[in-house]
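Visitor: here's my sequence, what's the structure:
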Amino acid sequence: MDAKNRFETRTTFALSRLEWLGFLTVSLVLAFQHLTEIRWAVFVLLFAVIDVVGYLPGAIAFRRSPDGHVPRACYVAYNTMHSLVTAGVLAGAWALFVRPEWALLALPIHLMGDRALFGNSLKPFGVAFEPEATPEFRRFEQRYHTAADSGESTAARTSVEDADAVRT
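Guide: The predicted structure follows:
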């Protein structure tokens, strides 16, 4: 994956998930080392708010919709709540206005768990709210692998237009 080819192969996606798993592991180790210092009500609140605000409204809308259409606001809520930037701002504000505390580990544990264990990251508007490969991406991936197996050059097998077509 690079700035001109915004897709991942199975291998690069697995490597990304491995990195996220490393961050999840560090966060879990810290949580276990400080089990008695964690305010568990705060931990559960911070862990849950990500999905209560960011996932559940879209999941409910997706399941209730006959055609799977979900309002853009659900994608925005999901992406906002599942952003490391939002988690950092929330943790910083909490530490500043409430206090620094080990319960804040709920944020990276949730986000890195989503990424490492489930492979979920941010959601583009052009795909279903719940994970499902689009026909366009399946065709692109098949063409990509066929070209790679035949030894075609990178320039011949992919283009910016192909990558953009599956990410709109």
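
Visitor: give me the number of neighbouring residues for residue 9.
Guide: 13 (other CB atoms under 10 Å). Yep, even glycine has a C-beta here, placed from its N, CA and C like the rest.

Visitor: ok, now residue 25?
Guide: 12.

Visitor: now the strand or helix carrying it: buried residues?
Guide: Following DSSP states H and E, one finds residue 25 within helix 10-33. Neighbour-count burial for helix 10-33, counted by 16 or more other CB atoms under 10 Å, picks out 16-17, 20, 23-24, 27, 31.

Visitor: now do stretch 57-69
Guide: 57-59, 61.

Visitor: name the surrounding residues that touch stretch 65-80.
Guide: Residues from elsewhere that reach stretch 65-80, judged by CB atoms under 8 Å, 6 or more residues apart in numbering: 53-55, 57-58, 61-62, 86, 122-125, 128-130.

Visitor: could you work out the most separated pair of the residues you listed?
Guide: 86 and 128 (22.9 Å; CB to CB).

Visitor: so for those two, which sits in the more crowded spot?
Guide: residue 86 (16 against 13).

Visitor: on that earlier part again, including distance to residue 116, pLDDT and secondary structure, could the buried residues of stretch 57-69 go into CSV?
Guide: Converted to CSV, the buried residues of stretch 57-69 look like this (distance: CB to CB, whole Å; pLDDT from 0 to 100; DSSP: H, G, I helix; E, B strand; the rest coil):
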residue, distance to residue 116, pLDDT, secondary structure
57, 24, 98, helix
58, 21, 97, helix
59, 20, 97, helix
61, 26, 97, helix
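
Visitor: ok, so of the residues you listed, who is nearest residue 35?
Guide: residue 59 (30.8 Å).

Visitor: grab the most central residue of the protein for me.
Guide: Residue closest to the mean C-alpha point of the chain, counted by CA atoms, centre = their mean, is residue 121 at 1.0 Å.

Visitor: for the nearest residue to that residue once chain neighbours are set aside, what are its contacts?
Guide: Once flanking residues are discounted, residue 121 sits nearest to residue 115: 5.6 Å by CB to CB, 6 or more residues apart in numbering. Contact analysis of residue 115 by CB under 8 Å, 6+ apart lists 16-17, 20, 121.

Visitor: can you check residue 110 too?
Guide: 46-47, 50-51.

Visitor: can you tell me how far it is from residue 137?
Guide: According to CB to CB, to the nearest Å, residue 110 and residue 137 sit 27 Å apart.
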